[in-house]
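Trainee: Kindly return the folded structure for what I paste below:
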Amino acid sequence: MNWSWARPWGIVALVGYVAVIAATVLLLGRLRESQITRLSQPNAQEAWRDWRAAAAAEEAGKGPVQRRVPQSVEPPALVLLRDHFGVVVAATIIFGTLLGAVIVTAVCGALARSGPRERSEESRGEKGEAGRRSP
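Mentor: Numbering: from 1, shown residues only. Alright, predicted model coming up:
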């Protein structure tokens, strides 16, 4: 098993990854609480009803585009954060992990030694001779 990631920089990268993902999830939780509070207020509900009424007018052909009236009586952001928050957290973790992996791969590739690595004397000795053909 290759434990090369367990070197000091690998451990620092792993701790950094866990810290960034944990901070992201905690901030997402705080954002959820504040937005649910804001979107549950009567003025936000009224603004959503007004927007639905405007969309209904555009559906009738009075606007520049034809729209369908949203079926939800609540703002979509409220429904998303209240009813589907687990999916939001899972997507955040998955895409954050993928982005982090791409960044780490790019940084490691940029910092890697250029050119072929030197082989030790032992690995060059017999293996090099066995691969050659005799004239």
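Trainee: and Ile21, how many neighbours?
Mentor: 15 (other Cβ atoms under 10 Å). In this view, the C-beta of every residue, glycine as well, is placed from N, C-alpha and C.
Trainee: Enumerate every residue touching it.
Mentor: Listed by Cβ atoms under 8 Å, 6 or more residues apart in numbering, the contact set of Ile21 reads 93, 96-97.
Trainee: and with 6 Å instead?
Mentor: Neighbour list for Ile21: Gly96 [criterion: Cβ atoms under 6 Å, 6 or more residues apart in numbering].
Trainee: what about it, which helix or strand?
Mentor: Using DSSP states H and E, Ile21 falls within helix 8-39.
Trainee: Of all the residues in that helix, which ones are buried?
Mentor: 13, 32, 35, 39 (16 or more other Cβ atoms under 10 Å).
Trainee: Can you tell me which of these is nearest Gly109?
Mentor: Using Cβ to Cβ, Ala13 comes nearest to Gly109 of the buried residues of helix 8-39, at 14.3 Å.
Trainee: what's the spacing between the closest one and Val104?
Mentor: Look at Ala13 and Val104: by Cβ to Cβ, to the nearest Å, they are 6 Å apart.
Trainee: Same question for Gly29.
Mentor: Following Cβ to Cβ, the distance that separates Gly29 from Val104 is 26 Å.
Trainee: host element of the most centrally placed residue in the chain?
Mentor: The C-alpha lying nearest the average C-alpha coordinate of the chain belongs to Phe95 (Cα atoms, centre = their mean; 2.3 Å). Counting by DSSP H and E, the element that carries Phe95 is helix 85-111.
Trainee: any idea of the mean pLDDT in that helix?
Mentor: For helix 85-111, mean pLDDT is 91.
Trainee: counting contacts, what elements does that helix pack onto?
Mentor: The helices and strands touching helix 85-111, judged by 3 or more Cβ pairs under 6 Å, 6 or more residues apart in numbering; DSSP states H and E, are helix 8-39.
Trainee: got the angle for the helix it packs on vs helix 85-111?
Mentor: Relative orientation of helix 8-39 and helix 85-111, computed by axes from the mean of the first three to the mean of the last three Cα atoms, to 10 degrees: 150 degrees.
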